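**Student:** Provided below for reference: sequence and predicted model.
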Amino acid sequence: MMVIGFLSAVYLIRRLSKNITSNPNLITNAALYSLVAGLLGARFFYVIHYFDQFRGNMLSVFAIWEGSGELLGGVVAAILVIFFYLKYHKLPIRHYLDILAIALMLALMFGRVGCFLSGCCFGKPTNVAWGVRFPYGSRPYRSQVYPDLERGRHQPHLNLPTDFFGYYNEAEQWIQDLKPFSLLTEEQKKDVLSGSYRCVPVHPTQLYSSASAAVCCLILYLFWRRSQRYSRTRWLHISDPKRARKLFTKPGSTFGLMFVLYGTMRFFMEFVRDDNPFEFNGLTVSQNISVGLFIWGAVLMIIIEKIRPEVVSR
């Protein structure tokens with residue numbers, strides 16, 4: 001799903017940037033660099049946030065194929081790389097960042113479906129009709145069979161009998177953890193598949209996030225089109241006093257709006273997620289970052305409104 005999201009984003013960027021550059025290969029190269037930077041940035045943020053998991057095995061820090069990463073870190077790294085790439089090639093930075101904002105939300109829409117298939121970024125237990133039961137041993141299931149003191153939960157959602165825990169691995173070492181499904185008895189397998197010990201239904205927050213990203217993508221596209229229409233017609237009515245300049249139509253405004261929309265969406269999404277620990281002010285780290293993103297986006301839009309618009313020269 002990440003690859004699908006990446007390819008979709010590249011296609012969209014190439015389509016929307018036709019009027020900015022005559023060399024679409026520059027866009028493809030920028031996207032490839034941003035993909036690598038995004039993977040490394042997401043992993044770096046994850047390692048910093050969960051550094052205790054890597055103590056004693058620092059080589060695992062580089063195991064990016066394990067899939068553990070933080071989206072915000074990847075986005076920040078990708079944006080920085082693209083910014084310097086555009087600067088190096090003397091391309092109109094604000095114009096490209098506007099298009100990048102739309103493409104990022106499109107990529108996120110697909111990426112969150114991948115989160116759903118992987119089982120990460122899961123939601124709280126729920127009784128809604130569309131609640132999802134994840135498989136035995138998945139991340140949502142494991143979170144339900146252990147207390148989570150970092151989220152203020154002193155009792156597990158599922159009280160499994162003690163014989164579900166503890167097993168010998170292939171090296172004949174005793175592991176005091178949830179047994180793999182293959183080591184369960186037939187009766188235990190029945191209990192976790194369809195009995196009283198199957199996963200409690202949870203909010204499919206990954207799909208909520210995917211749908212929210214799709215809405216954000218559409219809003220940003222319409223906002224960008226509005227600025228494009230205005231930039232094409234402003235000179236035709238420059239002497240008309242009744243046609244005052246519209247707010248937030250300068251290049252870069254769409255990019256700023258992305259932070260406002262995503263920060264808002266992510267802040268409220270955290271209230272139904274059940275994976276991130278509470279850290280500062282009773283909020284998760286993502287919620288605290290989201291507040292910063294919202295403020296940064298709003299300030300950026302105001303700054304862009306005050307400075308001279310960027311001129312495209314090919």
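**Tutor:** Cool, the structure landed. Numbering: from 1, shown residues only.
**Student:** Identify each buried residue in stretch 25-36, please.
**Tutor:** By neighbour count with 16 or more other C-beta atoms under 10 Å, stretch 25-36 contains the buried residues 26-27, 30-31, 34-35. To be clear about C-beta, it is placed using only N, CA and C from the backbone, and glycine gets the same treatment.
**Student:** tell me which residues of stretch 124-133 are tucked away?
**Tutor:** Quick answer for stretch 124-133 (16+ other C-beta under 10 Å): 124-126, 131-132.
**Student:** hmm, I was thinking of stretch 219-232
**Tutor:** In stretch 219-232, counting by 16+ other C-beta under 10 Å, buried: 219-221, 223-224, 227-228.
**Student:** okay, those residues in CSV with distance to Gln176 next?
**Tutor:** Output for the buried residues of stretch 219-232, formatted as CSV (distance: C-beta to C-beta, whole Å):
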residue, distance to Gln176
Ile219, 49
Leu220, 48
Tyr221, 51
Phe223, 53
Trp224, 54
Ser227, 58
Gln228, 60
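**Student:** Would you mind giving those residues as a markdown table with pLDDT added?
**Tutor:** Putting these into a markdown table (pLDDT from 0 to 100) gives the following:
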| residue | pLDDT |
| --- | --- |
| Ile219 | 97 |
| Leu220 | 97 |
| Tyr221 | 97 |
| Phe223 | 96 |
| Trp224 | 95 |
| Ser227 | 89 |
| Gln228 | 86 |
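**Student:** So which of the buried residues of stretch 25-36 sit within helices?
**Tutor:** Of those, the ones assigned to helices by DSSP state H are 26-27, 30-31, 34-35.
**Student:** By pLDDT, give me the weakest of those.
**Tutor:** Among these, Ile27 carries the lowest pLDDT, at 77.
**Student:** how close does that residue sit to Asp191?
**Tutor:** Ile27 sits 53 Å away from Asp191 when distances are taken as C-beta to C-beta, to the nearest Å.
**Student:** Please apply the same query to Met258.
**Tutor:** According to C-beta to C-beta, Met258 and Asp191 sit 46 Å apart.
**Student:** coming back round to it: mind checking which of the buried residues of stretch 219-232 land in helices?
**Tutor:** 219-221, 223-224, 227-228.
**Student:** Show the contacting residues for Ser8.
**Tutor:** When contacts are counted by C-beta atoms under 8 Å, 6 or more residues apart in numbering, Ser8 touches 103, 106-107, 110.
**Student:** got the residue ranges for the helices in the stretch 101-250 of the chain?
**Tutor:** 139-145, 186-193, 205-233 (DSSP state H, counting those that start in this stretch).
**Student:** Give me the number of neighbouring residues for the closest residue to Ala214 other than its chain neighbours.
**Tutor:** Leaving aside its chain neighbours, Ala214 sits nearest to Met109 (4.7 Å; criterion: C-beta to C-beta, 6 or more residues apart in numbering). Per other C-beta atoms under 10 Å, the neighbour tally for Met109 reads 23.
**Student:** One more: Trp174?
**Tutor:** When neighbours are counted by other C-beta under 10 Å, Trp174 comes out with 9.
**Student:** And it, how far from Pro180?
**Tutor:** Trp174 sits 14 Å away from Pro180, going by C-beta to C-beta.
**Student:** list residues touching both of these two?
**Tutor:** In contact with both Trp174 and Pro180: Tyr167, using C-beta under 8 Å, 6+ apart.
**Student:** if we can go back for a sec, more neighbours: Met258 and Asp191, which one.
**Tutor:** Met258 (27 against 18).
**Student:** No further questions, thank you.
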